[in-house]
Every structure is written in structure tokens, then in C-alpha cells.
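any chance you can model this:
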Amino acid sequence: MTIKLYGYGLLNGKKLIELREVTICIDQSKALALRDFFARCAEQMQLNPKWEHEHFQDDESADIIVFNRSKLVEK
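This next block holds a predicted model:
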């Protein structure tokens, strides 16, 4: 199953668009925090069938959301 990437632009942030590629520019401490965040999300998906999504966000970072693909309703 492929990874789907979605996001909002800085200039026109009202419409969710599908992205082909994402570059994350971070330092080592944020990379470790992001690794831990992804691990927590994977664990929650495994342990809780109702788990839908979680946000990785702090005062300095863009909002990164992991969404459980099994909860996605595609049109």
C-alpha cells in the first residue's frame, strides 16, 4: 500500500491538495522527536482499532498529521 501525502499551501491554504513529494528540513532533535511520533502512531494503530489520527506540532513546527488509512473514506 502506498503512502498518500496531502497538504495545504502557504499562499492558498484553504484547499487540501495531494502532494507527490515532501521535504522535511529539521535538526537532529526534531528528527528524533518525529521518529518517536511515528512509532507512537504505529503503536496506537496496532493497539486501538478506533485510532484515527494524531498531530505532531509545537510552537516552531509545521503541523504534521498521521491519519490511519483504514479510516479514510475515499470518494
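
what's the span of stretch 10-20, first residue to last?
Using C-alpha to C-alpha, to the nearest Å, one end of stretch 10-20 lies 17 Å from the other.

residues making contact with that stretch?
Contact partners of stretch 10-20, identified using C-beta atoms under 8 Å, 6 or more residues apart in numbering, comprise 4, 5, 6, 7, 8, 9. Where C-beta positions appear, they are placed from N, C-alpha and C, glycine not excepted.

for the fifth one, phi and psi?
Backbone torsions for residue 8, taken as degrees, to the nearest 10, come to phi -120, psi 140.

so who does it touch?
Residues near residue 8 by C-beta under 8 Å, 6+ apart: 14, 15, 16, 17.

so, low pLDDT: which residues of the protein?
Scanning the chain for pLDDT under 70 picks out the ranges 1, 61, 74-75.

returning to that earlier point: which of the contacts of stretch 10-20 lies closest to residue 50?
Among the contacts of stretch 10-20, residue 4 lies closest to residue 50 (C-beta to C-beta), at 20.6 Å.

pretty sure that closest one is touching residue 69, no?
Yes: in this structure, residue 4 is within contact of residue 69 by C-beta atoms under 8 Å, at 7.3 Å.

and residue 70, how many neighbours does it have?
Residue crowding around residue 70 was assessed by other C-beta atoms under 10 Å; the count is 9.

nope, residue 35 is what I was after
Residues lying near residue 35 (other C-beta under 10 Å) number 10.

name the element it belongs to?
For residue 35, the element it lies in under DSSP states H and E is helix 28-47.

residues making contact with that helix?
Looking at helix 28-47 with C-beta under 8 Å, 6+ apart, the contacting residues turn out to be 24, 26, 51, 54, 56, 61, 64, 66, 68, 70.

of all those, which two lie farthest apart?
By the measure C-beta to C-beta, 26 and 70 form the most distant pair in these, at 28.0 Å.

re the thing from before, what comes up buried for the helix holding residue 35?
Neighbour counts using 16 or more other C-beta atoms under 10 Å place 30, 37, 41, 44, 45 of helix 28-47 among the buried residues.
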